[in-house]
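J.: missing the sequence, but the structure's below:
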């Protein structure tokens, strides 16, 4: 058994690496610029001077270097042959995405680079003009649009608009830019079909990110730059309280209801209970939670319906006793736990009923009854031992499922747990927190499956986890 546990724990390492790669890969596909989210403002603006833009770019570069956003994403990359090896060095991220789009459409990196530098030079020269005309803001706005335009029609239209401001130009910059654009759009795209392998080495974003995870560092929040692990750690106890209480109550009540229904199949109480279980299973937990808040936390339907707090986890008064703290916390968690317990309980009870009903029809159970074994022993000692196997399989997914399912419940009841943190982070595009929680949930799933395997071996000695020949074979 010990050897098997150690073997599975060692297998967690490659599993964790694969999960981390998938998680990191998803994070690179998200929208938005993480550095600009940290800064809280855009690098470019229609009313900004060149000095302000340069200062913004300098600050952007410092943060990008600090959090490794200026490095390649992975150890290697496979890209079209027309992509430059230094594409990751282009900042800000919006500009890199813009250049990538131009590469996909026009293909020639040399022509694209000259065209883009021409626009940058044009904008820089205009920003440094001492005379601010009435058309100043309009021209800057069009130049900013030109610096993000990709289609031929859009670029031609913007260049045409800029050509109407002939009195503003002291150089032939419009003609130069248009000539470079014509050369860019007539360039060959053949290399875009040829794959190119590039080795970037160990100094990359994933290497730093995963190395930090192994040290307990999940990165920093894009909203307030606080450590991700600190924010998750602060919300974890509330989620554990909610989910552990839900799991314990659901298991105890679910097994009890399942045994009752399987041992009293023709009883009216059993049939009514079965109907209620299917109803609980069909009702979404978030809708059930909403009903509880409407009917049990307000005076709208009478003073007697205001039985529980409407949200939060409660605050403890100074000098509160341990019993007082439990009462305060329980009153706030009662409705959230009940909202999650009922659907989970229904799944467990129905599964136990099916498994135990099948076991009670088997020959060894009938033999035990004929031998005079008591009904309690037949059900709990013999029948339940084998009926628990499907429940153990279910346990492997229930715990991670509860953490994922508590997102809506924590948000509805305003519980500051991982679920609410996850939802707020998704809405705010705070992806380091989102993928940190995703990684933790994936690891919990793997650990839950390991616990399920150990429970299998504990309940049935015929299951040999060491791979040796069983004495029953």
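T.: Done, it's in. Since this is a predicted model, take the numbers as computed values, not measurements. Numbers count the residues shown, from 1 in each chain.

J.: chain neighbours aside, what residue packs nearest to residue 408?
T.: Leaving aside its sequence neighbours, residue 408 sits nearest to residue 286 (Cβ to Cβ, 6 or more residues apart in numbering; 3.9 Å). Every C-beta, even on glycine, is put in place using the N, C-alpha and C of the backbone.

J.: I meant residue 383, not that one.
T.: Sequence neighbours aside, residue 359 is the residue nearest to residue 383 in space, at 4.5 Å (criterion: Cβ to Cβ, 6+ apart).

J.: which ones are touching that neighbour?
T.: Taking Cβ atoms under 8 Å, 6 or more residues apart in numbering, we find residue 359 in contact with 365, 382, 383, 384, 386, 387.

J.: distance of it relative to residue 262?
T.: Separation of residue 359 from residue 262 (Cβ to Cβ, to the nearest Å): 8 Å.

J.: over to residue 116?
T.: As for residue 116, its distance to residue 262 is 72 Å (criterion: Cβ to Cβ).

J.: likewise for residue 324?
T.: As defined by Cβ to Cβ, residue 324 lies at a distance of 41 Å from residue 262.

J.: who has more neighbours out of these two?
T.: Between residue 324 and residue 262, residue 262 has the larger neighbour count (other Cβ atoms under 10 Å), namely 23 against 12.

J.: please tell me I have it right and the more buried one contacts residue 351.
T.: No - with contact defined as Cβ atoms under 8 Å, residue 262 does not count as touching residue 351 (10.9 Å).

J.: residues in contact with the host helix or strand of residue 365: which ones?
T.: Per DSSP states H and E, residue 365 falls inside helix 363-370. With contact meaning Cβ under 8 Å, 6+ apart, helix 363-370 is reached by 359, 375, 377, 378, 382, 383.

J.: at 10 Å instead, please
T.: The contact list for helix 363-370 (Cβ atoms under 10 Å, 6 or more residues apart in numbering) reads 356, 359-360, 373-375, 377-379, 381-383, 386.

J.: ok, and the closest non-adjacent residue to residue 293?
T.: Of all residues not flanking residue 293 in the chain, residue 310 sits nearest, at 5.8 Å (Cβ to Cβ, 6+ apart).

J.: residues in contact with the one you found?
T.: Residue 310 makes contacts with 292, 293, 294, 296, 297, 298, 332, 335, 412, 413, 414, as judged by Cβ under 10 Å, 6+ apart.

J.: filter those to the buried ones?
T.: Buried residues within the contacts of residue 310, counting neighbours by 16 or more other Cβ atoms under 10 Å: 292, 293, 296, 297, 332, 335, 412, 413.

J.: poorly predicted segments of the stretch 1-150 of the chain, please.
T.: 1, 45-47, 130-133 (pLDDT under 70).

J.: count of neighbours near the residue nearest to residue 408?
T.: When counting by other Cβ under 10 Å, one arrives at 15 neighbours for residue 286.

J.: now do the contacts for it.
T.: Listed by Cβ under 10 Å, 6+ apart, the contact set of residue 286 reads 339, 340, 405, 407, 408, 409, 411, 412.

J.: now render the residues you listed as TSV, adding secondary structure and pLDDT.
T.: Below are the contacts of residue 286 laid out as TSV (DSSP: H, G, I helix; E, B strand; the rest coil; pLDDT from 0 to 100):
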residue	secondary structure	pLDDT
339	helix	90
340	helix	88
405	helix	64
407	helix	80
408	helix	82
409	helix	87
411	helix	86
412	helix	87
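
J.: most neighbours among the residues you listed, which one?
T.: Neighbour count (other Cβ under 10 Å) singles out residue 339 as the most crowded of these, with 28 neighbours.

J.: gap between it and residue 116?
T.: Per Cβ to Cβ, residue 339 is found 54 Å from residue 116.

J.: domain parsing for the protein?
T.: The chain resolves into domains spanning 32-214, 228-459 when parsed by automatic domain parsing.

J.: so which of those domains is the most packed in?
T.: Mean neighbour count (mean count of other Cβ atoms under 10 Å) peaks for domain 228-459 among those, with a mean of 17.

J.: after the helix or strand where residue 255 lies, which helix or strand is next?
T.: Assigned by DSSP H and E, residue 255 belongs to helix 228-263. The helix or strand immediately downstream of helix 228-263 is helix 268-282, counting by DSSP H and E.

J.: check the offset of that following helix from the chain's centre.
T.: Distance, stretch centre to chain centre, for helix 268-282: 35 Å (Cα atoms, centre = their mean, to the nearest Å).

J.: what sits against the nearest residue to residue 188 once chain neighbours are set aside?
T.: Ranked by Cβ to Cβ, 6+ apart and with sequence neighbours excluded, the top spatial neighbour of residue 188 is residue 107, at 6.1 Å. Residue 107 makes contact with 80, 81, 82, 184, 185, 187, 188, 189, 190, 191, 192, 193 under the criterion Cβ under 10 Å, 6+ apart.

J.: can we see that at 8 Å?
T.: Residues in contact with residue 107 (Cβ under 8 Å, 6+ apart) are 82, 187, 188, 189, 190, 191, 192.

J.: what's the spacing between it and residue 191?
T.: Counting by Cβ to Cβ, the gap from residue 107 to residue 191 is 6 Å.

J.: I'd guessed residue 80 sits against residue 196; true?
T.: Yes - counting by Cβ under 8 Å, residue 80 does reach residue 196; the two are 6.6 Å apart.

J.: tell me, what's touching those two both at once?
T.: Applying Cβ under 8 Å, 6+ apart, one finds that no residue jointly contacts residue 80 and residue 196.

J.: give me the below-cutoff pLDDT ranges for the stretch 301-450 of the chain.
T.: 302-303, 395-405.
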